[in-house]
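Q: coordinates for the following, if possible.
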Amino acid sequence: MTNKNKDFSKSWPKIVAKAWIDEAYKKKLLENPKKILKEEGIEIPTDLNIRVIEDTPNTQTLVIPPATQSASAEKIENRLAAITLP
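A: Residues are numbered from 1 along each chain as shown. The predicted model follows:
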């Protein structure tokens, strides 16, 4: 983990807590997350898009991460075959 990731890991819970108690801050975070993150001392590369989504008690967000460049269909199928679900 890089220092920037460590900084984010420390800062993000504080940003979330601030958004929970300050509706105006939350609105800004949802509308322009890069700007708010920068104001909080978190630098985001200019070519990286950031999206902040607010879950609700009745809605949860599941994120599909990008596949690695080395993830061929065959490798993925082999990994899936190795997974046993209850």
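
Q: quick check on residue 56: phi, psi?
A: Here is the backbone geometry of residue 56 (degrees, to the nearest 10): phi -120, psi 170.

Q: now swap in residue 59 and tell me
A: Torsion angles, degrees, to the nearest 10, at residue 59: phi -140, psi 130.

Q: same deal with residue 54?
A: phi -100, psi 120.

Q: contacts only, for it.
A: 26, 30 (Cβ atoms under 8 Å, 6 or more residues apart in numbering). C-beta: built from backbone N, CA, C; applies to glycine.

Q: for the remainder of this discussion, apply numbering that starts at 9.
A: With the count now opening at 9, the last piece we talked about shows up as residue 62.

Q: report the contact partners of residue 49.
A: 15, 19 are the contacts of residue 49 under Cβ under 8 Å, 6+ apart.

Q: so it, which of the three states?
A: coil (DSSP: H, G, I helix; E, B strand; the rest coil).

Q: and the pLDDT at it?
A: On pLDDT, residue 49 comes in at 89.

Q: with the one 10 residues further on instead?
A: Reading off the confidence values, residue 59 has pLDDT 95.

Q: and the gap between it and residue 16?
A: 15 Å (Cβ to Cβ, to the nearest Å).

Q: compare the two (neighbour count), which wins?
A: residue 16 (18 against 8; other Cβ atoms under 10 Å).

Q: hang on, isn't that one packed against residue 52?
A: No - in this structure residue 16 lies outside contact range of residue 52 using Cβ atoms under 8 Å: 9.3 Å.

Q: from the chain's centroid, how far away is stretch 47-57?
A: For stretch 47-57, the separation from the chain centroid amounts to 12 Å (computed by Cα atoms, centre = their mean, to the nearest Å).

Q: to clarify, my last question referred to stretch 24-42.
A: That offset, for stretch 24-42, works out to 15 Å (Cα atoms, centre = their mean).
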